[in-house]
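Participant: need the 3D shape of this:
(one chain, ligands or ions: 1)
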Amino acid sequence: MLSILLSSSSITTANTTTLLPSRPISTSNPPYFSTKTTRIRCFNVSCDATNGDQNQNRNRSPQNVQIDRRNVLLGMGGLYSASNLIPDVAPSFATPISPPDLEKCSRGTNLNTNEPLDINCCPPIAQYIDYKLPPVTKMRFRPAAHLASKEYIAKYEKAVRLMKELPDDDPRSFTQQAHVHCAYCNLTYEQKGDSELKLQIHNSWHFYPWHRWYLYFYERILGKLIDDPTFGLPFWNWDNPPGMVMPDMFAKKDSPLYDPLRNLDHLPPALADLNYAAKPSDNSKVIQNNLTEMYTEMVRGVSKPEDFYGAKYVVGSTPDPGPGTIERGSHTSLHVWVGQATKSGEDMGNFYSAGLEPLFFSHHTNIDRLWTIWRKLRGSKPKDFNESDWLDSSYLFYDENAQLVRVKVSDTLDQDKLGYFFQEVDTPWLKNRPKPRVKKSKIATTSSAPKADSVFPVKLDKVVKVLVDRPKKSRSKKNKEEEEELLVIEGIEVDSAKFVRFDVFVNDEDDKPDEIDKAEYVGCYSQVPHKNSTGVKSKIRLGLTELLEDLDVEDDDKILVSLVPKANGDDINIGGIKIIYAS
Ligand code: C2O
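Facilitator: Here you go, the predicted model:
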């Protein structure tokens, strides 16, 4: 304990404020604030037109179009690895996301009020070095939280208590660790290479790798504090019925794992609702709905990596291009379910404060586990993106020795090298392929609903039903294996300061469909509130191939799509909807 404190004193004893006199700590005219406001607002009113199914990537520099980025990266190899000495390369050259310049961290702005945020989550500033995965001598064991032994819980509580006792300006302290999440999620960093844009690692393909690194270092810091190299974080096993309540260890008032800023109606034995929409759901259906949601997120809607991971996000991308299935589904639901039932939802229900909730780390450890399971389920199909724009993306974290390090996405892909494993538990959702409410429904061919083109853009203040043309029908088995039929909902604009959710159903005969546990349910969009309010413009893709088989409507040339607002529909606008085929 003492040694861990001493070893880092040179880096961490100085208070962030004194280290950084120029940082906008006070609210009066912060240096980084004045110029940014108008620029981000440009995004707010949508500077860029969405370009078909393309990612909203604004590669402004003309030279970017001609240059093969991978060659450029390879050519820069030497420079690229000499971390501290890297000059600011031209933005259009290195397109993967690179570490932000910590000196340019700002509080972020609430764009509704133009005021700086009332919290400062910028980390202490230091030089970074490139992180090398240390040799694994002992594996860390990550248990299911509801199965954890008394001894394990005592160890974990001790570690978190010690973390809370570290001085606030130690980058490994409980508060600073929470700020890591806040800073990367709350538009406080400039995107390096395109300073007109802010950095956001949610709602894109950074979701899994960034959070894996976050947990990795959090776990190592805890393990070091209790001098246990085998310590692993517990996972909240909410995809499995015995784990579908808040784990007891987090619900004891006198524990360091307790957080008073929660929805107190959701302490045990309340059932965790993976489709939470800000109101209590029918208890008798929660477990079945949860299992169907998991099947949808892990199996049915995700034959292409983009649909599991989220959309491409590189230098020049506007924030939130599009979340993957888990991120926009069970992930958001449980954030909001755990947090207070207030507009800003502290702690867990808002990105800026989520890291202050110990349960956050178990929530994300389960997501990390589901990522590993998904990769295993893929067999010989692609498990991730073989693109340098993803693999070479890098982030900054403080490690267990309080050293600032740069880490790469490519190092997250081999869990053995990261040195941890999960307790084996049941995955009952795997066998939970939902049944149709109505097989061979004629609803799409007989409905008088308008065609999609004539309806969008539309505000989701009511259920919207539209007919969507299918460019291909009666596809062969081979064609279906090669190409996933996807329902694309684009131009989703929401107020990011609010929790929003809508559900999507195909060929559901109800006026207001709400049966999640049937094959007609194709997925949802939901969004964890951010502290700063910006316009989010997102796109989601929902897999249709298996659904259309199950409904037995593969020979129809259109489908009836119902968009059902579940939370703050007044704040959701949809730009368009269409069907594409992705190989
Ligand atoms: Cu970074 Cu669940 O949020």
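
Participant: tell me who's in contact with Met163.
Facilitator: By C-beta atoms under 8 Å, 6 or more residues apart in numbering, the contact list for Met163 reads Arg172, Ser173, Phe174, Gln177, Ile221, Leu222, Leu225. Every residue, glycine included, has its C-beta placed from N, CA and C.

Participant: could you rerun that using 6 Å?
Facilitator: Phe174, Leu225 (C-beta atoms under 6 Å, 6 or more residues apart in numbering).

Participant: would Arg212 count as being in a strand?
Facilitator: No: the assignment for Arg212 (DSSP: H, G, I helix; E, B strand; the rest coil) gives helix, which keeps it out of a strand.

Participant: that one and Ser303: what is the separation?
Facilitator: 23 Å (C-beta to C-beta, to the nearest Å).

Participant: tell me who's in contact with Phe235.
Facilitator: Taking C-beta under 6 Å, 6+ apart, we find Phe235 in contact with Arg142, Ala144, Ser362, Thr365, Asn366, Arg369.

Participant: for it, give its distance to Trp210.
Facilitator: 18 Å.

Participant: and if you look at Val506?
Facilitator: Distance of Val506 to Trp210, given as C-beta to C-beta: 32 Å.

Participant: now do Leu271
Facilitator: 29 Å.

Participant: which parts of stretch 477-490 are buried?
Facilitator: Neighbour counts over stretch 477-490 (16 or more other C-beta atoms under 10 Å) mark Lys480, Glu483, Glu484, Glu485, Leu486, Leu487, Val488, Ile489, Glu490 as buried.

Participant: I figured the fifth one hits Ile580, correct?
Facilitator: Meaning Leu486. Yes: with contact defined as C-beta atoms under 6 Å, Leu486 reaches Ile580; the gap is 5.3 Å.

Participant: what does this protein put close to the ligand?
Facilitator: For the chain, the residues in contact with the ligand (C-beta under 6 Å from any ligand atom) are His181, Cys185, His202, His211, His331, His335, Ala354, His364.

Participant: identify the residue with the minimum pLDDT among those residues.
Facilitator: Model confidence across the residues of the chain next to the ligand bottoms out at Cys185, which has 83.

Participant: do you know how far it is from Ala341?
Facilitator: As judged by C-beta to C-beta, Cys185 and Ala341 stand 21 Å apart.

Participant: tell me which of the two has more neighbours.
Facilitator: Taking neighbours as other C-beta atoms under 10 Å, Cys185 and Ala341 compare with Cys185 leading, 27 against 15.

Participant: leaving out sequence neighbours, find the closest residue to the more buried one.
Facilitator: Sequence neighbours aside, Phe351 is the residue nearest to Cys185 in space, at 4.0 Å (criterion: C-beta to C-beta, 6 or more residues apart in numbering).

Participant: per-residue pLDDT, that neighbour?
Facilitator: Note for Phe351: predicted pLDDT of 91.

Participant: next up, the contacts around it.
Facilitator: The contact partners of Phe351, by C-beta under 6 Å, 6+ apart, come to Cys185, Asn186, Val528, His530.

Participant: tell me how many other residues crowd the second one.
Facilitator: Going back to what we said before, that points to Asn186. Counted with other C-beta under 10 Å, Asn186 comes out at 26.

Participant: and it, what pLDDT?
Facilitator: So, for Asn186, pLDDT stands at 72.

Participant: I'd say it and Ser353 touch.
Facilitator: No: if you go by C-beta under 6 Å, Asn186 and Ser353 don't touch, sitting 9.9 Å apart.

Participant: shaky segments in the stretch 251-400 of the chain?
Facilitator: Within the stretch 251-400 of the chain, not a single segment meets pLDDT under 70.

Participant: give the closest residue to Pro280 in space, chain neighbours not counted.
Facilitator: In space, Pro280 is closest to Asp265, 7.8 Å off (C-beta to C-beta, 6+ apart).

Participant: so how far is the ligand from the one you found?
Facilitator: Counting by C-beta to the nearest ligand atom, to the nearest Å, the gap from Asp265 to the ligand is 21 Å.

Participant: secondary structure class for that residue?
Facilitator: Put simply, Asp265 is helix when judged by three-state DSSP.

Participant: same deal with His363?
Facilitator: Using three-state DSSP, the structure places His363 in helix.

Participant: what is the burial count for Lys376?
Facilitator: Neighbours around Lys376, by other C-beta under 10 Å: 9.

Participant: follow-up on the earlier one: now, which of the buried residues of stretch 477-490 lie within strands?
Facilitator: Members of the buried residues of stretch 477-490 lying in strands (criterion: DSSP state E): Glu484, Glu485, Leu486, Leu487, Val488, Ile489, Glu490.

Participant: from those, which is closest to the ligand?
Facilitator: The shortest approach to the ligand among those belongs to Ile489, at 21.6 Å (C-beta to the nearest ligand atom).
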